[in-house]
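J.: Below are the sequence and a predicted model for it; my questions follow.
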Amino acid sequence: MKRVTARMMDELIARAGETARLRTNYNIHESLSDPVQRLFIAAGLSSYFRPHRHPGKSEFAVVIRGVFDIIIFDDEGVITERVSAGPGRDIFALEIPADIFHTWIPMAEGSVFFEVKQGPYDPTTLSFATW
């Protein structure tokens, strides 16, 4: 049995603050080839998530600490939706459909979300926005 503790999340947040990108992740899945990818992502306030989409794959996330604004874009880069998610808010979990450009904006220091999406993970299939 795998257990996830508050201390693990504290350590993940601390490690994120020590990286150049101000974020890090903790994978629950065993390998990048697993058919289901499950991971915690911790981010500092100035962490930048480049707008991207996952071709053919939806993304489900639960914000477990802090607050994130999630921005959805059309294919030309026009913002079509912005939601704020986190514990104690009306929205704390969401599913982003496949092929939709989006980004995550940490709105509180030490924010963490748990993400689930179809694997395997292949960084060459991740589609970054060109705008």
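T.: Happy to help now that I have it.
J.: Where does Phe114 sit: helix, strand or coil?
T.: Judged by DSSP: H, G, I helix; E, B strand; the rest coil, the three-state class of Phe114 is strand.
J.: Now do the contacts for it.
T.: Arg38, Leu39, Phe40, Ile41, Ala61, Val62, Ile64 (CB atoms under 8 Å, 6 or more residues apart in numbering). Yep, even glycine has a C-beta here, placed from its N, CA and C like the rest.
J.: Tell me which two in these are the farthest apart.
T.: Arg38 and Ile64 (13.0 Å; CB to CB).
J.: Please pick the buried ones from the contacts of Phe114.
T.: Buried positions within those, assessed by neighbour count (16 or more other CB atoms under 10 Å), are Arg38, Phe40, Ile41, Ala61, Val62, Ile64.
J.: Please list all residues in contact with the last one.
T.: By CB under 8 Å, 6+ apart, the contact list for Ile64 reads Met9, Phe40, Pro87, Val112, Phe113, Phe114.
J.: And for Met107?
T.: Leu45, Gly66, Val67, Phe68, Asp69, Ser84, Gly86.
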